[in-house]
Structures are given as structure tokens and as C-alpha cells.
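In: Predicted model, plus sequence, below.
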Amino acid sequence: MKTRPKKTIIGTAKCTCCGRDIPVKQSETGTLDLSCQWCELPLYAKAGTEAHRTMMARVKRHADPDPDPVEPVHTPPVETKPAARAARSAFDILSGRV
């Protein structure tokens with residue numbers, strides 16, 4: 001089964017059609033995806049092409065993530081008790097079980 005490459009958002013750029021800011025995604029292979037969700041204009045550029053260089057020049061990159069992020073606090077899972085008796089449903093009424 002073929003899997004899709006994972007995409008990460010690297011910044012934003014203006015849509016060439018409607019002018020709104022849209023997220024710029026980059027796949028593991030380096031392909032850029034600038035698909036506008038408002039006017040539905042799909043823009044893609046493979047790594048190493050002139051289109052890729054042009055689109056990257058327009059991208060406003062996000063700030064680099066912290067090199068030492070704070071670890072989230074781990075909370076233990078809450079144990080749930082089993083039901084005291086079986087729940088009744090519409091199927092019990094229809095089958096005659098009560």
C-alpha cells in the first residue's frame with residue numbers, strides 16, 4: 001500500500017488568486033503545497049525547480065521552534081469501573097429480553 005509523504009507547515013504566503021494568507025506545507029520529499037482553502041486554487045512545486053525557488057521567495061517562515069521545549073506533565077490514566085449490570089437498549093425490548 002502506498003502512503004502519502006508527511007507534510008509540515010513551514011510558513012505562510014499570499015494566494016496569487018485571492019490575496020489571502022495561506023499556509024505553506026512542505027512534504028518529506030521537498031515538494032511545496034500552497035493550496036488556498038478559500039478560492040480552491042492548488043499550487044504545487046517540486047524541489048529543485050524554478051517554481052520551487054519562486055514560491056520559497058514569497059514564503060514568510062514561522063519562527064524556529066525552541067531547541068529545548070518544556071516536557072508536558074504526564075498524568076496517569078483514570079481507571080473506570082465496570083457497569084454494575086448490563087445496560088438496557090432498544091434491542092432488548094424488541095427481542096423480548098427484559
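Out: Good, I have the coordinates. Numbers count the residues shown, from 1 in each chain.
In: For the protein, which segments count as strands?
Out: Taking DSSP state E, the strands of the chain run over residues 7-14, 21-27, 32-33, 44-45, 60-61.
In: and Pro82, which of those strands is closest to it?
Out: strand 7-14 (42.0 Å; CB to CB). The C-beta positions use only the backbone N, C-alpha and C, and glycine is treated the same way.
In: quick one, what contacts Pro42?
Out: Pro42 makes contact with Ser35, Cys36, according to CB atoms under 8 Å, 6 or more residues apart in numbering.
In: before we move on, back to that, of all the strands of the chain, which one is nearest Val78?
Out: Distance to Val78, taken as CB to CB, is lowest for strand 7-14 among these, at 32.7 Å.
In: what about the longest helix in the protein?
Out: The longest helix of the chain (DSSP state H) is helix 50-58.
In: what bits of this structure have low per-residue confidence?
Out: 1, 63-73, 83-98 (pLDDT under 70).
In: ok, the residue lying closest to Lys6 once chain neighbours are set aside - how many residues close by?
Out: Nearest residue to Lys6, sequence neighbours excluded (CB to CB, 6 or more residues apart in numbering): Glu28, at 5.6 Å. Number of residues near Glu28 (other CB atoms under 10 Å) recorded here: 10.
In: For Lys60, see how far away Glu28 is.
Out: For Glu28, the distance to Lys60 equals 22 Å [CB to CB, to the nearest Å].
In: Throw the strands of the chain into TSV and include distance to His52, thanks.
Out: As requested, the strands of the chain are exported to TSV (distance: least, CB to CB, whole Å):
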stretch	distance to His52
strand 7-14	12
strand 21-27	10
strand 32-33	6
strand 44-45	4
strand 60-61	15
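In: Same list, these, but as TSV with mean neighbour count please.
Out: Shown next, in TSV, are the strands of the chain (neighbours: other CB atoms under 10 Å):
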stretch	mean neighbour count
strand 7-14	15
strand 21-27	18
strand 32-33	20
strand 44-45	16
strand 60-61	10
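In: among the ones you listed, which is nearest Thr75?
Out: For Thr75, the closest of those is strand 7-14, at 27.7 Å, according to CB to CB.
In: Note down every partner strand of that closest one and its orientation.
Out: Note on strand 7-14: by DSSP bridges, its sheet partners are strand 21-27 (antiparallel), strand 60-61 (antiparallel).
In: Perfect, that will be all.
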